[in-house]
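Asker: here is a sequence together with a model predicted from it:
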Number of protein chains: 2
Amino acid sequence: MKPKDFDLNEFLPYLLNQAAEVSGRAFQRVYKDRYGMLRTEWRVLCHLGQFGPMTAHDIVRAAQSHKTKVSRAVAALEHKRFVVRETLQRDRRYASLQLSPAGRRVYADLTAIAQAYDAKVMARLEPSAAAALKDALRQLAREPI
Amino acid sequence: MKPKDFDLNEFLPYLLNQAAEVSGRAFQRVYKDRYGMLRTEWRVLCHLGQFGPMTAHDIVRAAQSHKTKVSRAVAALEHKRFVVRETLQRDRRYASLQLSPAGRRVYADLTAIAQAYDAKVMARLEPSAAAALKDALRQLAREPI
DNA sequence: GCGTATTAGTTGAAAATGTAACTAACAAGG
DNA sequence: CCTTGTTAGTTACATTTTCAACTAATACGC
């Protein structure tokens, strides 16, 4: 009894990647065209807008993203004056990062669009499937395989 | 009545991306360590193994991938002697691509691992959630937003 | 046929990413 | 203090990806 043939369209990493690319493409244009931002920058900005001041290390942990990516994204956001950095006095290796007023405006603008965008993506699925999908994704993202 | 605050952990493109990265990372090491292949190469090889001879253009369409990525992946696979190219005589712009015997062996090897890997990833979810997840992902990947 | 438009695929330069080595600050043991 | 080790974050370099321009082959309109 030979093993069932491989089916690419049943291979979860492939499906995840395709869905992520398709669903991310259109929104990418938003932050890119409006603010010249990369995905890593959008992510950092989003974390700071959402969770308030935090260090680069915190973002690395929360976003499961590499520290060089975060470092460069922070530098770019600082250069755009969307983020302010303040070295912590109790441990000068750390810097507390937070959004500037301009950064908060960008955050408000982009998240409003993001919410509408999310609704549009979700509209392609049955409501029950949509909720289950997000649960499953969070489960998968929780820890490495 | 103000709109609900944005929640990154409800934003589908972000969740998809996180899950895709986490679930792809470990398998990436497999084809990289064993055959020095990139993800684009694995994808092309996979399409050829699965669907038989096809042109680069076919792969671009099936994988929703950029033509330069495919072009370079094909060149690399040809260089590794995993893929053979044959210009079509009825339209010499096209080349039919197919796996060499060595390429088929690689395909067999990697897909066997991929199947086991997929099972492992899926094992983290309820069986019913798992099937629904794949359905939803296929739905999302079908067409651009 | 012949000029123009399309299409498949490649190539080169620029941008982004990953990897590894590095600096600076702190911690701990003596 | 002073060595050794660890951690936050940056930088340099190699690899990969993207973008735009290109070549070569075919299709189309006349």
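Answerer: Perfect, thanks for sending it.
Asker: was I right about A:Lys120 contacting B:Ile145?
Answerer: Yes. A:Lys120 lies in contact with B:Ile145 (Cβ atoms under 8 Å); the separation is 6.4 Å. Glycine gets a C-beta too; all of them are placed from N, C-alpha and C.
Asker: A:Val44 contacts A:Ala73, correct?
Answerer: Yes. A:Val44 is within contact range of A:Ala73, at 4.5 Å (criterion: Cβ under 8 Å).
Asker: between these two, tell me which one has more neighbours.
Answerer: A:Val44 (30 against 24; other Cβ atoms under 10 Å in any protein chain shown).
Asker: now stretch A:14-21, how far from the centre of its chain.
Answerer: Between the centre of stretch A:14-21 and the centre of its host chain there is 15 Å, according to Cα atoms, centre = their mean, to the nearest Å.
Asker: so which residues of chain A form strands?
Answerer: A:54-55, A:83-87, A:95-99 (DSSP state E).
Asker: a markdown table for the ones you listed, including mean neighbour count?
Answerer: Shown next, in a markdown table, are the strands of chain A (neighbours: other Cβ atoms under 10 Å in any protein chain shown):
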| stretch | mean neighbour count |
| --- | --- |
| strand A:54-55 | 18 |
| strand A:83-87 | 15 |
| strand A:95-99 | 18 |
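Asker: relative to A:Leu137, which of those strands is closest?
Answerer: Checking those against A:Leu137 by Cβ to Cβ gives strand A:54-55 as the closest, at 23.1 Å.
Asker: point out the residues in chain A that sit beside DNA strand D.
Answerer: A:55-57, A:60, A:67-68, A:71-72, A:74-75, A:93-95 (Cβ under 7 Å from any atom of the strand).
Asker: where does chain A have its least confident helix or strand?
Answerer: Using mean pLDDT, DSSP states H and E, the weakest-scoring helix or strand in chain A turns out to be helix A:127-142, at a mean of 93.
Asker: buried ones in it, by neighbour count?
Answerer: A:129-130, A:132-134, A:136-137, A:140-141 (16 or more other Cβ atoms under 10 Å in any protein chain shown).
Asker: and for A:Gly24, the neighbour number?
Answerer: 20.
Asker: in contact with the residue nearest to it when sequence neighbours are not counted, which residues?
Answerer: Among residues not flanking A:Gly24 along the chain, B:Pro13 sits closest, at 4.3 Å (Cβ to Cβ, 6 or more residues apart in numbering or on different chains). Neighbouring residues of B:Pro13 by Cβ atoms under 8 Å, 6 or more residues apart in numbering or on different chains: A:20, A:23-24, A:27, A:117-118, A:121.
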